[in-house]
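Trainee: need the 3D shape of this:
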Amino acid sequence: MKSIIKIGLPALAVMAGAAIAFSPQGFAQTQYQNNPPHGPHEFMGATVSDPHGPTPDPTRITYLLPNQIKWTGNKSLLYGDPTKPGEPYGVLVRLAPGQFSQPRSLSRDRWVYVASGTLWVSDSTAAASHPVKADNFVTNVANSTFVDGNRAGATEHAMLIISGLGSADNRIMSDYAQTTTVRVSDAAGAAPDAAKISIAPVSTTGNQNLYGGGQDAQTPGAPYGVVQTWAAGRYSSPHYHPHPRYIYVLSGTWWTSSSTYRDTRLTYPMVAGSFVTDLPKGIHWDGNRIGDPNLTRLYITGVAPATNQAVDEDGKERAPAGRGAAAPAAGRGN
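Mentor: Next up is the predicted model:
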């Protein structure tokens with residue numbers, strides 16, 4: 001004789017609620033709002049096809065998606081004040097064909113990442129300018145004359161990320177208003193004097209420190225820049241930084257979370273062209289979800305020390321590695 005187990009409607013409702021709560025979508029939506037018991041809450045299996053998590057806590061992470069970035073002409077000030085002496089700044093510049101600067105110099109070094117298109121650079125005139133392709137890094141050395149822009153006849157805009165420390169002679173927000181008749185079909189100039197304008201290729205597959213010591217920067221207050229590459233399935237662990245960290249997503253998707261729980265179902269997507277700020281002591285972690293066929297590439301700037309302070313699920317600081325702390329995540333945290 002077979003046993004028949006009857007389940008009443010209240011029990012079915014409880015079971016259904018549990019199924020929703022433990023589904024990836026329900027899990028992401030609740031974000032542990034019901035004060036769960038403490039313990040290991042790690043799930044690293046979320047894929048790009050799974051529902052995304054909640055938007056990050058704005059007291060820990062702020063962000064602008066590409067359609068939220070505000071432009072003034074061909075420039076967007078991402079952070080800081082280029083005219084305030086010593087203040088770190090970052091500016092997006094989008095140069096249409098024919099837009100060029102005037103020859104000028106600055107009292108501080110200026111760093112230029114060519115994100116797309118071609119930037120033409122010279123230490124004299126537009127006619128003598130030399131092409132710098134995307135994924136190259138340009139340093140305009142302090143107190144050296146430089147001129148740069150996008151030659152006429154180019155088939156695409158030149159997208160630049162310019163950073164540095166502010167100075168009273170910095171006119172970037174009113175710069176690049178000139179036009180040139182020099183065309184891409186005209187003869188290119190020789191590479192400029194590296195003592196005035198240095199040009200360096202940037203890896204498209206690995207991590208590379210660009211200036212100021214990059215990810216390893218330790219001199220307090222010194223600016224740094226680094227490019228990081230994140231393969232699918234690679235994540236940091238919950239942590240924070242002592243100073244703001246500014247991130248431009250060059251390519252791929254950057255999955256971020258402000259939770260203290262390392263659960264990839266809680267991550268939120270920042271697509272290419274997004275600008276993300278990790279706020280000082282704002283707990284976060286991030287990476288690239290499983291199943292993404294593309295590498296996630298980031299251009300990161302900030303001021304030293306560029307350190308990561310790991311935290312536990314209560315948000316409390318973990319001891320440094322070697323003093324009883326848990327093993328760090330694969331790769332350097334962001």
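
Trainee: domain ranges for this structure?
Mentor: The chain resolves into domains spanning 44-66+205-310, 71-201 when parsed by automatic domain parsing.

Trainee: I'd like the ones you listed as CSV, with mean neighbour count, mean pLDDT and distance to residue 316 appended.
Mentor: (C-beta placed from N, C-alpha, C; glycine too.) Shown next, in CSV, are these (neighbours: other CB atoms under 10 Å; pLDDT from 0 to 100; distance: least, CB to CB, whole Å):
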stretch, mean neighbour count, mean pLDDT, distance to residue 316
domain 44-66+205-310, 19, 95, 9
domain 71-201, 18, 97, 29
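
Trainee: and those domains as CSV, adding distance to residue 318?
Mentor: CSV is the format used below for the domains of the chain (distance: least, CB to CB, whole Å):
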stretch, distance to residue 318
domain 44-66+205-310, 4
domain 71-201, 28
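
Trainee: pairing partners for the helix or strand harbouring residue 91, with directions?
Mentor: Using DSSP states H and E, residue 91 maps to strand 88-95. Its sheet considered, strand 88-95 pairs with strand 75-79 (antiparallel), strand 158-165 (antiparallel) by DSSP bridges.

Trainee: neighbouring contacts of the shortest one?
Mentor: Defining contact as CB atoms under 8 Å, 6 or more residues apart in numbering, one finds that strand 75-79 is touched by 69-70, 88-94, 172-173, 176, 244, 246, 248, 275, 277.

Trainee: I'd say residue 297 and residue 226 touch.
Mentor: No - using CB atoms under 8 Å, residue 297 makes no contact with residue 226, being 11.3 Å away.

Trainee: bridge partners for residue 287, pull those for me.
Mentor: residue 235, residue 255.

Trainee: tell me how far the ends of stretch 65-80 are from each other?
Mentor: Taking CA to CA, to the nearest Å as the measure, stretch 65-80 stretches 19 Å from start to finish.

Trainee: next up, the contacts around residue 261.
Mentor: Taking CB under 8 Å, 6+ apart, one finds 32, 41, 42, 238, 313 in contact with residue 261.

Trainee: secondary structure for the residues you listed - can I get that in TSV?
Mentor: Below are the contacts of residue 261 laid out as TSV (DSSP: H, G, I helix; E, B strand; the rest coil):
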residue	secondary structure
32	coil
41	coil
42	coil
238	coil
313	coil
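
Trainee: output those in CSV; the columns should cover distance to residue 301.
Mentor: Compiled in CSV, these are given as follows (distance: CB to CB, whole Å):
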residue, distance to residue 301
32, 32
41, 32
42, 30
238, 22
313, 30
